[in-house]
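Trainee: can't give you the sequence, but here's the structure:
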């Protein structure tokens, strides 16, 4: 069964600090991996999308990495801001024309002043 | 601006009632999806539609129904057969054949049974 595991489940950091969120997956065949940011009570918004051949992708202060061999990804947030407080969801898409998505349960990040 | 609109934002349902959640997109996307989100769980697929007048059951379709009469619209009806409907419902859309560009999500509808 395809699975996406995220860690930690929740995280509290001080404003201005960096943090890294982890995502391990067992989805096969693999098409791409996405990171979404979801503010409370809102829909997810895409941060990055990476295919098999991409090792890293940046979007402002967000940098995602992908190791397709070990089936691991990370999302690094630099110089955190209060507005970064949200849930971060890792989503893996199946390949071979399936396009089915498997969602992680998310990491809830709280940035405090 | 192009986007995907869900309405209402909040919805209250009495026991035994059917309610319909609206999802409209002006992105010219072919495929549309309905997901359910519960606290501490990943999004779960309810129904999806790749083309007009066609839709497929997802992982948790029981107690739900959909229609796709227009490309832009994909309403979800939560029927009385859904025993635990209180949840956050998300609609999404994407271009078929262009998987790399991902899904666009609506802002969600929070349904509460009273």
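Mentor: The structure has been received and is ready for your questions. Since the structure is predicted, the reported quantities are computational estimates derived from the model, not experimental observations.

Trainee: residues contacting residue A:91?
Mentor: A:4, A:33, A:34, A:35, A:36, A:101, A:102, A:103, A:104 (CB atoms under 8 Å, 6 or more residues apart in numbering or on different chains). Backbone N, C-alpha and C define where each C-beta goes, glycine included.

Trainee: any idea which residue sits dead centre in chain B?
Mentor: For chain B, the residue nearest the mean C-alpha position is residue B:34 (2.8 Å; CA atoms, centre = their mean).

Trainee: Please name the residues that touch residue 3.
Mentor: Since no chain was named, I'll use chain A. A:25, A:26, A:27, A:102.

Trainee: hmm, I had chain B in mind actually
Mentor: Applying CB under 8 Å, 6+ apart, the residues contacting residue B:3 are B:25, B:26, B:27, B:104.

Trainee: Among these, which pair sits farthest apart?
Mentor: Within those, B:26 and B:104 form the most distant pair, 10.8 Å apart (CB to CB).

Trainee: tell me which element residue 35 is part of?
Mentor: Reading this off chain A. strand A:30-38 (DSSP states H and E).

Trainee: think we crossed wires, I meant chain B
Mentor: Per DSSP H and E: strand B:31-37 holds residue B:35.

Trainee: how far does that strand sit from the chain's center?
Mentor: 4 Å (CA atoms, centre = their mean, to the nearest Å).

Trainee: just checking, what packs against that strand?
Mentor: strand B:19-25, strand B:44-51, strand B:87-94 (3 or more CB pairs under 8 Å, 6 or more residues apart in numbering or on different chains; DSSP states H and E).
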